[in-house]
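Asker: what's the 3D shape of this:
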Amino acid sequence: MAHLSIEITTSLNSAVYEDALAIRKEVFVQEQHVPADMEVDSDEGRAIYFVAYDTDHRAEGTVRLVPDEKGVGDVQRMAVRQNYRHHGIGRVLLGAVADYAEKNAYSQLLLHAQVHAIPFYEKLGYQLTDRPEFLDAGIRHREMIKPLSNEVK
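Answerer: As a prediction, this is how the structure comes out:
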């Protein structure tokens, strides 16, 4: 795997956000046929965006974290460009999210995993909840959580 850098932003006027949006549109709208009006939602302004860049500063993957008032971080919009999958980019992105969440005293992370990706998330410490499988944008999902140490570093 090439060296990656992770950039984080909350600004919807930043190049990092624009890169996150471009990856999401490529993966979700074009590849998975999620309607474009469902991809950009009311959480855009509340989210923290993480983008993985290679050594040539090409954006390869993204994920966003939406905090709630109970110390739970909702991990959303995890996407890696097709040519960059299976190179550890998702693992690095989710590691950055977990580090951020622990430093900010989140108690756990929650995500809605596409069913095919459940084994990937399980390797990173996420566990299935009791919530039954559901459809989101016509894609099968399961809810997963990852408890955090909740220590401020």
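Asker: what segments of this protein are strands?
Answerer: Using DSSP state E, the strands found in the chain span residues 5-9, 48-53, 59-67, 72-80, 108-114, 127-128, 134-136, 139-147.
Asker: adjacent strands (with direction) for the last one?
Answerer: Right, strand 139-147. Looking at strand 139-147 with DSSP bridges, its partner strands are strand 108-114 (antiparallel), strand 127-128 (antiparallel), strand 134-136 (antiparallel).
Asker: now for this protein, the helix or strand with the poorest mean pLDDT.
Answerer: When the helices and strands of the chain are scored by mean pLDDT, DSSP states H and E, helix 36-39 comes last with a mean of 87.
Asker: now the strands of the chain as CSV including mean neighbour count, mean pLDDT and distance to His87?
Answerer: Bear in mind the C-beta positions are built from the backbone N, C-alpha and C, glycine included. Putting the strands of the chain into CSV (neighbours: other Cβ atoms under 10 Å; pLDDT from 0 to 100; distance: least, Cβ to Cβ, whole Å) gives the following:
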stretch, mean neighbour count, mean pLDDT, distance to His87
strand 5-9, 17, 96, 14
strand 48-53, 23, 98, 10
strand 59-67, 23, 96, 8
strand 72-80, 21, 95, 8
strand 108-114, 19, 95, 19
strand 127-128, 12, 97, 25
strand 134-136, 10, 93, 26
strand 139-147, 17, 95, 22
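Asker: and those strands: which comes nearest Asp19?
Answerer: Taking Cβ to Cβ, strand 59-67 is the member of these nearest to Asp19, at 3.8 Å.
Asker: now that closest one, how far from the chain's geometric center?
Answerer: Using Cα atoms, centre = their mean, to the nearest Å, the distance from the centre of strand 59-67 to the centre of the chain it belongs to is 4 Å.
Asker: just stretch 56-70 next, same as before
Answerer: Using Cα atoms, centre = their mean, the offset of stretch 56-70 from its chain centre is 5 Å.
Asker: who wins for proximity to Gln30 among the strands of the chain?
Answerer: Nearest of these to Gln30, taken as Cβ to Cβ: strand 72-80 at 11.0 Å.
Asker: what comes up buried for the least confident helix or strand of the chain?
Answerer: Going by neighbour count (16 or more other Cβ atoms under 10 Å), the buried part of helix 36-39 is Glu39.
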